[in-house]
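>>> Let me see the structure of the following:
(chains A and B)
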Amino acid sequence: MTQPPASVPAVTFQTVTKRFGQVAAVDAVSFDIAPATLVTLLGPSGCGKTTTLRLIAGLEHATAGRILIDGQDVTHLSAADRDVSMVFQSYALFPHMTVMENTCYGLRASGLNKADAEARAADKLRLVGLTGYERRLPSELSGGQQQRVAVARAIVLEPKVLLFDEPLSNLDAKLRRRVRDEIRALQQDLRLTVAYVTHDQEEALAVSDRIIVMSHARIAQDGTPRELYEAPASRFVADFIGNANLVPVALRHADATTGEATIGPLTLRLPHRGVAPGAALLAIRPHALRFGAEGIPARIAHAAYLGSHMEYGVMLEGHDVELFAVAPDIAQPLAAGQAVRVSFDPAGLAVVSG
Amino acid sequence: MMPIAARGWSAAFALAVLALPWFGHEDPVVALFAGEALPLVFLAGDRLWLLPLLVLPAFAQFAVRHDRPRLLVATAAVALAWLCLEGFAINHRGWTWQWLGVIFGGKPTQPALGWGALLYALAATQLAAIGLARQGWCRGDAFVLGAILLILGAILIFVFSPVMTVLISAVRDNNGNFAPAEFWAKFTDRSIWGLECLTGAGSCGAAWNTLALAVVVGLLSTLLGLAFALVALRTGLPLKGPIRLLSLLPIITPPFVIGLALIIMFGRTGFVTTFLYQTFDIPRSRWLYGWPGVTLAQLLAFTPIAFLVLVGVLQSVAPSLEEAAGTLRAGRWRTFRTVTWPLIRPGVANAFLIGFIESMADFGNPLMLGGSFNVLSTDIFFAVVGAAQDQGRAAVLGMILLGFTMAAFTAQRLWVGRARYTTVTGKGDSGVPPPLPLGLRAACYATVLPWLLLTVVVYAIVLGGGFVETIGRDHTPTWKHFLIAFGIDHGVSGWFLSGSAWNSFITTMWLSALSMPLTAALGLITAWLLARQEFRGRGAFEFLTMMSFAIPGTVIGVSYILAFNTPPVELTGTGMILVLAFMFRNMPVGIRAGIASLSQIDKSLDEASLTLGARSWRTFRLVILPILRPAIIAAMVYSFVRAVTSVSAVIFLTTAEYQLATVYIVGRAEMSEYGVALAYSAVLIAVMVGALVLIRLLVGEQRIGRRSANTAETAPVGLAAS
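Next up, the predicted model:
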């Protein structure tokens, strides 16, 4: 078979729907994953991201639509026949097999002889830093080591697509950051195509080339981390990524690209990004609040010291929503109950439809 | 392209026709070599109707070679349909249905099906599965589909169709003609539904007796079981070990042996009766023979089952809940009444229903102690083997009994099975259950301790009674009874087994050992399908598989006689029918053990194996089976033990050649040869304990980290053999 041209996406979803009974877990979803990129499926629990991943793996079969892997239609192919492998949330290491046996498992299943399989497995175990642990049982490894075995077991097959289902959720906070970076480094070194499921937006921003945000079985937005953060398509995305404060504003179109948003005494000029004039929402990032001599009168509702920065709850005059603010100035913190004036850094603002 | 397996099954399909004897023979081993393959059969006679079966394998070969899944499915379906159709239409005496003879004329005959036909059906099933899987059924998984079809077919043939045969023969007279009037007369007979005992004018009908007995035994065994469970888990009394041990004993005791021990104690010449007569001048009576004796024996037999169920239920109540109630200022009684009891109530209902079903299905104890107290299960037996042999009546009685047990079983599954609060989560619970309220504790002790004593005495008689002159009267140790049963003598031609029990003993061991792996495999594969696979009609499939739990042994026995006495499937009088009866009767034990352990194993293990490119069969073999080892042990042990101890189903199926141990012991007991019966029982119990240990050693236990291999003890809290 000839190698497909580079433009063929590694994974293609064409209006894929998966129903469990009457409930649609994935509803007419379409997207592509380009080769050698890491794409994250992000969303709150129950949004359909894990089902989407399992549809790629073949662990669920689509009710409608087509799924292509590397240009080949795999919609009706069983998991065993698809060129993908998966790192499970629970790692799913076979408890009765050693690290080496676990890592060899896929190679042996595809018919490789034992010596070759072990050689290749040893190579990948070295890559994840587990040389010397080959004869151990999974129960004799730490959580982080088990996770590496799961990764080695998946990449040893050199699959067209590598799937990660919340791989960090069983690790403690410190380890999480390190393993996250290791996965990203591995993906870039080996030029792997990865689909990665998480509900943690920070994790998604850190590792992804592209993020697909899902909500209620549909795609809410699909873009690079920067696009999602700076130009959220909806209040859901604005809220889910970067914890934006959403404040109602009156929007007026000034010209083809910019608009004027009025909030209290303040009028801000900023790109309207196609949002219809009238009542709209302003997404304000927590770090975009500036405290100074001018702006909207406000009061500090509560303040918390977090070492590297301060966190405030801010009540704007005439609004009953409390804004969440982050300020780097820890030398002269504001106190709860203090009256302040608030202005906004335009870089941390985006208009979204209400 | 078709998978490799397709070629194999296609070859087997052809082999079934070309190389194996198509028709059966009384001896299955002889049949393997003696019979003729289909082409020879076809050439020898004028059995034209076999021609389609002969040519179908060629179509299958073509379909496999040229990758035509639809053709393959069609071929297999036609093969199976035609096999059933011609098999049922034409038997050894001619047309099964007379109107067929009117249409087609002639008088064709054919004997029962043999090995060739068996492999033929098997291969056709698997080819159908492969073809369907190629079209995307069951996520394209041929192994899963094949297993589903295979088990479904087996259950239809060996559970569903015999039961249907019973229902059909209930509405026929004994010549096989449709006779609704006769059915109605039998169905409404006074010996079944009479209520004369209420007015004092005679005895009540068997149906009422059965129901009343079942309700009483269900209630009392639940109460006793609950008392035992509370004592074992919630008091400081150091009885946990002995109670656990005693609760396991009934599983390895042939059920009627308890009745036997009761006769030796409380019968007219029993030693307790004699003692009371000599010391207190209480007159001897036959009170034991009738409902009091049957109730007592059944309570002794089934209380341990209720205990095992309720221990599980009590353990699943998180102690922290009771502690929480305590910190909220509830006293001990209030805590028990408002927290503990509501949480265990579904489990208690479950225990009741299990006792209810057990009591109705029990055969051995009513046979031993029933006297003139008739219950359905023994009436069925006497209708088949008694002087007034009446298969129609047996079928009607079987139908009624089946109706009762199925109703209870359905109630258990629909109502109690759902209403279960599992309060134990994966998180550790460091709470300590509070002690019982005083009054309740006293009540528990007052029931448990005397009952425990009675149980100990009963088992002392069972185990020791065969090794003394006459238990209760003359306790001189002797090997007399043992040697009658298991003597080995030296004659002119060397050593030989002179004991009268050897024949039945060896048959029992051989057939039980044969059925053991088959039952376990059937049960565990079914469990895997039920627990791990999603497919349409799964609920119905589950109900069918678990149904055999609710079918009383006597009904199974009668149905097997009725269903497998004539072609196309003729098995009566063979050892095979016994093995099949064991398999399909005990399969639910394997299913329960399998489901219990599978539910502890994360499903992502299977999925990981699949995404690593291993198909279902490989996954099952390399991942599931090794982890299931404890369940395999449990299923094997229990199927062996239940096969050895079962009476009700097999008493209909044994022959002089295939005599079984339990049937032999019942016979000895009826002859009042209690010594021999008890010695034999003790030997059986000893052998089963030995087998338990041996199987554990052979299958071995594997260290897989955090999971403990302790499912053998808790899993199959099922219905004991009856």
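>>> Does residue B:288 touch residue B:263 like I think?
Yes: if you go by Cβ atoms under 8 Å, residue B:288 and residue B:263 touch, sitting 6.7 Å apart. Using the backbone N, CA and C atoms, a C-beta is placed for each residue, glycine as well.
>>> and the residue of the stretch 101-250 of chain A found nearest chain B, how many residues sit next to it?
Residue nearest to chain B within the stretch 101-250 of chain A (Cβ to the nearest Cβ): residue A:139, separated by 2.6 Å. Look at residue A:139: counted by other Cβ atoms under 10 Å in any protein chain shown, it has 14 neighbours.
>>> sec struct for it, please.
State at residue A:139, reduced to three classes by DSSP: H, G, I helix; E, B strand; the rest coil: helix.
>>> For residue A:313, report the pLDDT, please.
Note on residue A:313: pLDDT of 92.
>>> Pull the contacting residues for it.
A:300-303, A:322-325 (Cβ atoms under 8 Å, 6 or more residues apart in numbering or on different chains).
>>> again with residue B:489
Per Cβ under 8 Å, 6+ apart, neighbours of residue B:489: B:495-496, B:498.
>>> Quick one: buried ones out of those?
By neighbour count, with 16 or more other Cβ atoms under 10 Å in any protein chain shown, the contacts of residue B:489 hold no buried member.
>>> Okay, and which of the residues you listed map to strands?
Judged by DSSP state E, strands contain the following of those: B:495-496.
>>> which one among the contacts of residue B:489 gets closest to chain A?
The closest of the contacts of residue B:489, once distances to chain A are taken by Cβ to the nearest Cβ, is residue B:495, at 46.5 Å.
>>> so whichever residue of the stretch 451-600 of chain B sits closest to chain A, which of the three states?
Relative to chain A, the nearest point of the stretch 451-600 of chain B is residue B:534 (9.5 Å; Cβ to the nearest Cβ). Three-state assignment for residue B:534 (three-state DSSP): coil.
>>> name the element the residue nearest to the spatial centre of chain A belongs to?
For chain A, residue A:204 is the residue whose C-alpha lies nearest the centre (Cα atoms, centre = their mean; 3.1 Å). Residue A:204 belongs to helix A:201-207 when assigned by DSSP states H and E.
>>> Okay, buried residues for the very next helix or strand once past that helix please.
Using DSSP H and E, the helix or strand that follows helix A:201-207 in sequence is strand A:210-215. Neighbour counts over strand A:210-215 (16+ other Cβ under 10 Å) mark A:210-215 as buried.
>>> how many other residues sit next to residue A:167?
Residue A:167 sits with 25 neighbouring residues when counted by other Cβ under 10 Å.
>>> Residue ranges in chain A under the pLDDT threshold?
For chain A, the stretches flagged by pLDDT under 70 are A:1-6.
>>> Show me what from it comes close to chain B.
Residues of chain A lying close to chain B by Cβ under 8 Å from any Cβ of the partner chain are A:57-59, A:61, A:76-82, A:84-86, A:88-90, A:92-96, A:105-106, A:109-110, A:137-140, A:153-154, A:157, A:163.
>>> For those residues, I'd like a selection string for PyMOL - just the buried members, please.
Provided next is the PyMOL selection string for whichever of the residues of chain A next to chain B are buried by 16+ other Cβ under 10 Å:
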select buried, chain A and resi 57+58+59+61+76+77+78+79+80+82+84+85+86+88+89+90+92+93+94+95+96+105+106+109+137+138+153+154+157+163
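>>> Inside helices: which ones of the residues of chain A next to chain B?
Using DSSP state H, the members of the residues of chain A next to chain B that fall in helices are A:57, A:105-106, A:109, A:153-154.
>>> Would you map the strands across the stretch 1-150 of chain A?
Here the stretch 1-150 of chain A has its strands, by DSSP state E, counting those that start in this stretch, at A:11-20, A:23-33, A:38-42, A:64-69, A:72-73, A:84-87.
>>> Redo the ones you listed as CSV? Include distance to residue B:244.
Output for these, formatted as CSV (distance: least, Cβ to Cβ, whole Å):
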stretch, distance to residue B:244
strand A:11-20, 43
strand A:23-33, 46
strand A:38-42, 50
strand A:64-69, 54
strand A:72-73, 58
strand A:84-87, 43
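>>> what's the closest of these to residue B:184?
Minimum separation from residue B:184 across the strands of the stretch 1-150 of chain A (Cβ to Cβ) falls at strand A:11-20, 48.7 Å.
>>> In the sheet, which strands lie alongside the closest one, parallel or antiparallel?
The strands beside strand A:11-20 in its sheet (DSSP bridges) come out as strand A:23-33 (antiparallel), strand A:64-69 (antiparallel).
>>> Could you say which one of those strands comes nearest to residue A:351?
Checking those against residue A:351 by Cβ to Cβ gives strand A:23-33 as the closest, at 25.6 Å.
>>> picking up where we left off before, between the strands paired with strand A:11-20, which one is closest to residue A:335.
Once the strands paired with strand A:11-20 are compared by Cβ to Cβ, strand A:23-33 is nearest, at 48.3 Å.
>>> so that closest one versus strand A:210-215, what angle?
Inter-element angle recorded for strand A:23-33 and strand A:210-215: 170 degrees (by axes from the mean of the first three to the mean of the last three Cα atoms, to 10 degrees).
>>> If you count neighbours, what's buried in strand A:23-33?
Those would be A:24-27, A:29, A:31-33, for strand A:23-33 by 16+ other Cβ under 10 Å.
>>> Turn these into CSV, columns for distance to residue B:162.
Listed next are these as CSV, based on distance: Cβ to Cβ, whole Å:
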residue, distance to residue B:162
A:24, 44
A:25, 43
A:26, 46
A:27, 48
A:29, 50
A:31, 55
A:32, 57
A:33, 56
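>>> which of the residues you listed lies closest to chain B?
For those, the nearest to chain B is residue A:25 (13.8 Å; Cβ to the nearest Cβ).
>>> Hmm, that closest one is touching residue A:54, no?
No: contact between residue A:25 and residue A:54 fails when scored by Cβ under 8 Å: they sit 9.4 Å apart.
>>> which residue ranges form the strands in chain B?
Under DSSP E, chain B gives strands at B:90-91, B:94-95, B:468-470, B:474-477, B:488-491, B:494-497.
>>> Mean neighbour count, the ones you listed: which tops it?
strand B:90-91 (a mean of 21; mean count of other Cβ atoms under 10 Å in any protein chain shown).
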